[in-house]
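Undergrad: need coordinates for the below:
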Amino acid sequence: VTMAALNAAQKEMNVTSNNLANASTVGFKRSYTNFGDVFSNDPASNPKTAVGSGVLVASVARDTTAGALKSTGRVTDMAIDGRGYFVTRDPAGGASGANTYSRAGNFGLDASGNLVDPGGFVVQGYPAKVPSSPLAADDTGTLMGINIPPSMTAGTNWPTGTVLSDGTTPSAPTADVVLQSLSISPKGEVQATYSDNKTYTLRFVAIANFPSDQGLKAIGNNRYSET
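TA: Residues are numbered from 1 along each chain as shown. Down below sits the predicted model:
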């Protein structure tokens with residue numbers, strides 16, 4: 001009984017220590033320990049005199065409630081108000097690589113203009129030009145990495161699915177243009193203004209939801225995978 005209690009207490013301390021260690025980790029979800037008592041399964045035992053055999057850790061569960069939002073002043077940083085996860089993908093895995101999911105929205109741009117997490121995983125989104133809004137079930141096949149071109153050469157077509165602020169599909173620029181400003185709307189529209197003084201909606205940020213958040217597997221670096 002004593003050894004079972006010590007093992008359970010140690011497990012709880014490990015969980016608490018991990019929570020404390022990640023107090024400043026962006027998007028971290030704390031865990032808590034659930035305990036269960038242990039009784040003998042001997043069918044001959046007398047229930048009137050049965051004594052418990054100790055305690056065990058029944059489960060270690062995550063608290064998936066939304067945390068407090070904090071303004072960072074960085075245009076590429078995002079947060080989800082409510083349920084859901086950002087979708088990211090390892091660029092080394094190619095187009096068929098498995099998606100990973102995260103609540104951490106401390107994103108930035110790499111040298112190629114991809115919106116990435118601190119580990120270089122590319123944030124996924126949908127083309128701005130989609131068949132329906134909100135997205136229908138069959139639109140999920142259009143999931144792709146969010147790329148904000150730092151510049152566009154004359155005659156080069158804009159990324160697939162890009163639309164102008166009036167909803168029309170833009171023609172290839174007739175002269176070289178460079179990125180002037182970037183914004184992300186509360187609806188998740190990634191909008192960029194270039195030196196041609198036009199604003200382009202490049203992507204919608206994808207948000208994933210699951211029937212059970214507890215079913216996601218923590219894989220480190222603020223990421224989860226499906227199970």
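Undergrad: and Leu20, what's its pLDDT?
TA: Reading off the confidence values, Leu20 has pLDDT 91.
Undergrad: typo on my end, Ala44
TA: pLDDT at Ala44 comes out at 71.
Undergrad: number of nearby residues for it?
TA: Residues lying near Ala44 (other Cβ atoms under 10 Å) number 5. In short, each C-beta sits where N, CA and C put it, glycine included.
Undergrad: again, but for Asn197
TA: By other Cβ under 10 Å, 8 other residues sit near Asn197.
Undergrad: my read is it is in a strand, agree?
TA: No. According to DSSP: H, G, I helix; E, B strand; the rest coil, Asn197 belongs to no strand; its state is coil.
Undergrad: and the gap between it and Leu164?
TA: Per Cβ to Cβ, to the nearest Å, Asn197 is found 12 Å from Leu164.
Undergrad: what's the answer for Leu179, then?
TA: From Leu179 to Leu164 the distance is 16 Å (Cβ to Cβ).
Undergrad: and if you look at Pro211?
TA: Separation of Pro211 from Leu164 (Cβ to Cβ): 38 Å.
Undergrad: Met3 - that's part of a strand, no?
TA: No. Using three-state DSSP, the assignment for Met3 is helix, not a strand.
Undergrad: so what's the backbone phi/psi at the closest residue to it other than its chain neighbours?
TA: Nearest residue to Met3 in three dimensions, chain neighbours excluded: Gly54, at 7.6 Å (Cβ to Cβ, 6 or more residues apart in numbering). Backbone torsions of Gly54, given as degrees, to the nearest 10, read phi 130, psi -150.
Undergrad: which residues touch Gly54?
TA: Residues counted as contacts of Gly54 (Cβ atoms under 8 Å, 6 or more residues apart in numbering) are Val1, Thr2, Met3, Ala4, Ala5, Ala8, Asp37, Val38.
Undergrad: can you rerun that using 10 Å?
TA: Shown in contact with Gly54 (Cβ atoms under 10 Å, 6 or more residues apart in numbering): Val1, Thr2, Met3, Ala4, Ala5, Leu6, Asn7, Ala8, Asp37, Val38, Phe39.
Undergrad: what's the answer for Gly155, then?
TA: Ser171, Ala172, Pro173, Thr174, Ala175, Asp176.
Undergrad: mind redoing it with 6 Å?
TA: Contacts for Gly155 (Cβ atoms under 6 Å, 6 or more residues apart in numbering) come out as Ala172.
Undergrad: show the model's pLDDT score for it.
TA: According to the prediction, Gly155 has pLDDT 94.
Undergrad: element containing it, please.
TA: Under the assignment given by DSSP states H and E, Gly155 is not contained in any helix or strand.
Undergrad: what about the closest residue to Thr174 other than its chain neighbours, how many neighbours?
TA: Spatially, and ignoring its direct neighbours in sequence, Thr174 is nearest to Ala154 (5.9 Å; Cβ to Cβ, 6+ apart). Residues lying near Ala154 (other Cβ under 10 Å) number 10.
Undergrad: okay, Ala154 and Ser195: tell me how far apart.
TA: Using Cβ to Cβ, Ala154 is found at 12 Å from Ser195.
Undergrad: on that earlier part again, which one of Pro211 and Leu164 has more residues nearby?
TA: Leu164 (15 against 6).
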